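Chemist: Sequence plus the predicted model coming up.
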Amino acid sequence: AIDPRVCAGCGACHSVCPTGAAGYALPASADLLARLRMLLSSYRGAGGQRPVLLVHDIRHGDELISVIARLGRGLPARVLPFAVNEVTQLGFEFLSTALAYGAAQVMVLIPPGKRDELEAMAGQLGLIETVMTGLGFGSGRVGLLDERDPGAVETALYDLPRSEPAAAGSFIPMGGKRALIRLALSHLHDVAP
């Protein structure tokens, strides 16, 4: 049971709920994944290779990326920023779909205020790492960037290994959470080494 008077809107309940009974409405999962699909397919269409998805919240991430652009080298060309309302809303369906749409890696930029709320996300990251390793894609496909210093984030992004992505899927993100996971995992299984 979720008490709406106590809910802080972090989305952790949505990220771990295997059925989608607990949902996150800002935005709806299908809309978020449709935006993700468009971003990655446009990047590939423009000749981009080995994309790294940098998922961040709007408040902390936008400012940090802006500082990196103004005072540093900027983001590496293959790093695609992807803003969400709360990074703690991300669950297995988002991570698996991002990798199925051709992201080589997914890095989640953690805002300082969310450090105590990462248990649910750590479980989701561990689960997708296990699946990707089991399918033969190798480990290191997802990770957390828990840094306040823009220079440290910039260095971490430039130092990421260049992993080969899975062949990109073109499926439309439709249905509930289970259907989305089934679509992503079916594609990843079909193209697995």
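Modeler: Thanks, I have it.
Chemist: Identify the residue spatially nearest to Glu147, adjacent ones excluded.
Modeler: Val153 (4.9 Å; Cβ to Cβ, 6 or more residues apart in numbering). To be clear about C-beta, it is placed using only N, CA and C from the backbone, and glycine gets the same treatment.
Chemist: Tell me, how many residues neighbour the one you found?
Modeler: 24 (other Cβ atoms under 10 Å).
Chemist: Touching, it and Leu64? I think so.
Modeler: Yes. With contact defined as Cβ atoms under 8 Å, Val153 reaches Leu64; the gap is 6.2 Å.
Chemist: Could you tell me which residues touch both of these two?
Modeler: Counting by Cβ atoms under 8 Å, 6 or more residues apart in numbering, the common neighbours of Val153 and Leu64 are Leu109.
Chemist: Heading C-terminal from the helix or strand that contains the residue nearest to Glu147, find the next helix or strand.
Modeler: Val153 belongs to helix 150-158 when assigned by DSSP states H and E. Toward the C-terminal end, the helix or strand that comes next after helix 150-158 (DSSP H and E) is helix 177-190.
Chemist: Mind listing what's buried along stretch 111-121?
Modeler: For stretch 111-121, the neighbour count (16 or more other Cβ atoms under 10 Å) marks 111, 114, 117-118, 120-121 as buried.
Chemist: err, stretch 29-48, not the other one
Modeler: Using 16+ other Cβ under 10 Å as the test for burial, stretch 29-48 gives 29, 32-33, 36-37, 39-40, 43.
Chemist: Can you add secondary structure and give the residues you listed back as JSON lines?
Modeler: Formatted as JSON lines, the buried residues of stretch 29-48 follow (DSSP: H, G, I helix; E, B strand; the rest coil):
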{"residue": "Ser29", "secondary structure": "helix"}
{"residue": "Leu32", "secondary structure": "helix"}
{"residue": "Leu33", "secondary structure": "helix"}
{"residue": "Leu36", "secondary structure": "helix"}
{"residue": "Arg37", "secondary structure": "helix"}
{"residue": "Leu39", "secondary structure": "helix"}
{"residue": "Leu40", "secondary structure": "helix"}
{"residue": "Tyr43", "secondary structure": "helix"}
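Chemist: about what we covered before: for the helix holding Val153, packing partners?
Modeler: helix 58-71, strand 105-109, strand 142-145 (3 or more Cβ pairs under 8 Å, 6 or more residues apart in numbering; DSSP states H and E).
Chemist: quick one: that helix to strand 105-109, angle?
Modeler: 170 degrees (axes from the mean of the first three to the mean of the last three Cα atoms, to 10 degrees).
Chemist: Just the residues contacting helix 150-158, thanks.
Modeler: So helix 150-158 is contacted by 52, 54, 64, 67-68, 71-73, 75-76, 79, 107, 109, 145, 147 (Cβ under 8 Å, 6+ apart).
Chemist: and with 6 Å instead?
Modeler: With contact meaning Cβ atoms under 6 Å, 6 or more residues apart in numbering, helix 150-158 is reached by 64, 67-68, 72, 76, 79, 145, 147.
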